[in-house]
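Participant: Pasting the sequence and the predicted model now:
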Amino acid sequence: MSEKIRVRFAPSPTGGLHLGGVRTVLYNYLFARQQGGDFILRIEDTDQGRFVAGAEQYILDCLEWCGLVPDESPVHGGAYGPYRQSERKAIYQPYADQLVKEGHAYYAFDTPSELEIKRADSPNFQYSQATRGDMKNSIALAPDRVKQLLEEGVPYVIRIKMPVGEEIAFTDMIRGAVKFDSSQSDDKVLLKADGMPTYHLAVVVDDYLMKITHAFRGEEWLPSAPVHILVWKYLFGLDKMPQWAHLPLILKPEGNGKLSKRDGDRLGFPVFAMNWIDPTTKELAKGFRERGFLPEAFINMLAMLGWNDGTAQEIFSLQELVTKFSMERVHRSGAKFDYEKAQWFNHEWIKKLNPVQLEPAVKQLLENGGINITSDAYATRVIELVKDRCTLLPDFLEQSAYFFEAPKQYDLDAIRPKWNDQKQLFFAEAVLQFELMPQWVAADLEKEFKEMAAASQLKSGEVLMPLRVMLVGGKFGPSVFDIAALLGKEETIKRIKFVLQLL
RNA sequence: GGCCCGUUCGUCUACCGGUUAGGACACCAGAUUUUCAUUCUGGUAAUAGGGGUUCGAUUCCCCUACGGGCUACCA
């Protein structure tokens, strides 16, 4: 019990990292940090056919962005490497052989095409205790024949020999007691013909070798748990087996089923953490980062999709999550993803973060939008003024561009219908008065402007909108006087004069 | 089909036998902001159905229905 807590996130590098994957990382991370344990990233690249170049780096980048950096990984190193299963290939065969020797597994010589035909004939075909006697394997075949096939180098796989009528039970940290009948599971392949292990063997061997104490994965793995438990029992003993937790799935917002990349395209929201470009199809799958989400909000939103601390609190920092998270409070049922709520989390975080924290991201965004930031201090004041009206980062572009350069377009239609000589005169006079202002602060400006309006027999409402359009270009933004104050005397007057001329 | 997991407002969820079933998102209405957004106030809205157990079930058990997952030499 004194052993160190060790958890792992074990993705296969086959494409982008979607919401469910990030949440699995997050729960792993939170648990590890809370328990003072290690968080390991292991790359499960045993399927040569599905390997996608760049996917591993992409996963690393996502973790970096989210702030969920592993203690051990292919690039961070560690005492239990290598951390890519493809580089561990030689490790697995002896364990598979041991299982065969001890009668828990067997050689199977059926070719993929033979199995395909079998399944075409009977759609419900399972390679199991019911059928293995009729197949080409070391149980059905005579020992001499098996020996001969092996010596001839005929390709084979190693399958687990599922026992008959054995109850396989374990306690899931989230679901409690779960039971299976061993007769119901098929004889899963443990070692493939190419010498690579399947997930079923590799996950057990590596979790053992890497001293993993708690294994968290998606609910889709629950049905194969009995296979893994049996392999644990045969190879290392159940007392060494990590504690399991099968996380609920993240579901499509409307209909049924697991959330997939396609849903994002169809419904118009990202499902990946960051942009992912498929190297072969060049197809782009949009990411939350590029959409303008803050990592804090993204993580927060994901954490709440399936977990809460029992109070009404919804906004949590990563640090708070580390202290408050508990696997026992994770839900049993899947959650439909709600993009509206995800945006709400981001808005809350933009409001919560101070302008200095927001500044680097906003600055980059504006610069990408062709706006040059000359003073960070000025940018910070702009952010302070507009951040409450921004839900996603790109909103800062529209909301703050006019602070850095004069509007390119003016919504003159908002002024023209009610524009007249009296107002023209008023603004001409206002310019003169503004020039005389001893100090340029919002409160003084408002007082002065309203007094001038009153003196000219104008309701301030009649001239407020024109002033706004002159400074901002449109009918939006914070208080006009706050804008004018920040813009400065010179720029404010310049913009008023410019629009006056247009009218 | 078989096996496994699940089921509280439209959505995310609280409740761990006794509550007018609470909160959040979304939606609707009002207030504030002489812009837009924010913000504030209020409102509509849920225990899948049927049996048990119990003085009492959202809560525990069973059945049904529905939803989801798995059923590859993929993870």
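Facilitator: Ah, there it is. On a predicted model such as this, the values are computed, not experimentally measured, just so you know.
Participant: Point out the residues in the stretch 51-200 of chain A that sit beside RNA strand B.
Facilitator: Proximity of the stretch 51-200 of chain A to RNA strand B (C-beta under 7 Å from any atom of the strand) is limited to residues A:110-112, A:115, A:119, A:124-127, A:155, A:157, A:175-176, A:178-181, A:184, A:186, A:189, A:192-194, A:196, A:198-199. Every residue, glycine included, has its C-beta placed from N, CA and C.
Participant: try 6 Å
Facilitator: Counting by C-beta under 6 Å from any atom of the strand, the stretch 51-200 of chain A comes close to RNA strand B at A:110-112, A:115, A:124, A:126, A:155, A:157, A:175, A:178-180, A:184, A:186, A:189, A:192-193, A:198-199.
Participant: pLDDT wise, what is A:G255 at?
Facilitator: At A:G255, the model reports a pLDDT of 66.
Participant: ugh, typo on my part, it should be A:G153
Facilitator: pLDDT, A:G153: 96.
Participant: hmm, back to that, mind checking which of the residues of the stretch 51-200 of chain A next to RNA strand B are in helices?
Facilitator: Among these, the members falling in helices (DSSP state H) are A:P112, A:L115, A:Y199.
Participant: Filter those down to the buried ones.
Facilitator: Neighbour counting with 16 or more other C-beta atoms under 10 Å marks A:Y199 as buried within these.
Participant: circling back: could you give me the ChimeraX syntax to select whichever of the residues of the stretch 51-200 of chain A next to RNA strand B are buried?
Facilitator: This is the ChimeraX syntax for the buried subset of these, where burial follows 16+ other C-beta under 10 Å:
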select /A:110,157,175,178,180,186,189,192,198,199
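Participant: pretty sure A:L19 is touching A:K261, no?
Facilitator: No - using C-beta atoms under 8 Å as the test, A:L19 is too far from A:K261 to be in contact (10.3 Å).
Participant: So for those two, which sits in the more crowded spot?
Facilitator: For the pair A:L19 and A:K261, the greater number of neighbours falls to A:L19 (21 against 18), based on other C-beta atoms under 10 Å.
Participant: Identify the residues contacting A:D388.
Facilitator: The contact partners of A:D388, by C-beta atoms under 8 Å, 6 or more residues apart in numbering, come to A:I350, A:K351.
Participant: if we can go back for a sec, overlap in contacts of A:L19 and A:K261?
Facilitator: In terms of C-beta under 8 Å, 6+ apart, A:L19 and A:K261 are both contacted by the residues A:V271, A:F272.
Participant: Just the closest residue of chain A to RNA strand B, please.
Facilitator: Closest residue of chain A to RNA strand B, C-beta to the nearest atom of the strand: A:N256 (1.8 Å).
Participant: Counting neighbours, what do you get for that residue?
Facilitator: Using other C-beta under 10 Å as the criterion, A:N256 is surrounded by 7 other residues.
Participant: Okay, it and A:L222: tell me how far apart.
Facilitator: In this view, A:N256 and A:L222 are 18 Å apart by C-beta to C-beta, to the nearest Å.
Participant: swap in A:Q424?
Facilitator: Distance of A:Q424 to A:L222, computed by C-beta to C-beta: 74 Å.
Participant: now swap in A:L393 and tell me
Facilitator: Between A:L393 and A:L222 the computed distance is 38 Å (C-beta to C-beta).
Participant: So between the two, which is more surrounded?
Facilitator: Each of A:L393 and A:L222 has its neighbours counted (other C-beta under 10 Å); A:L393 has more, 20 against 15.
Participant: for that one, what are its contacts?
Facilitator: Contact analysis of A:L393 by C-beta under 8 Å, 6+ apart lists A:G292, A:F293, A:L294, A:I350, A:A361, A:V362, A:L365.
Participant: Great, nothing more from me.
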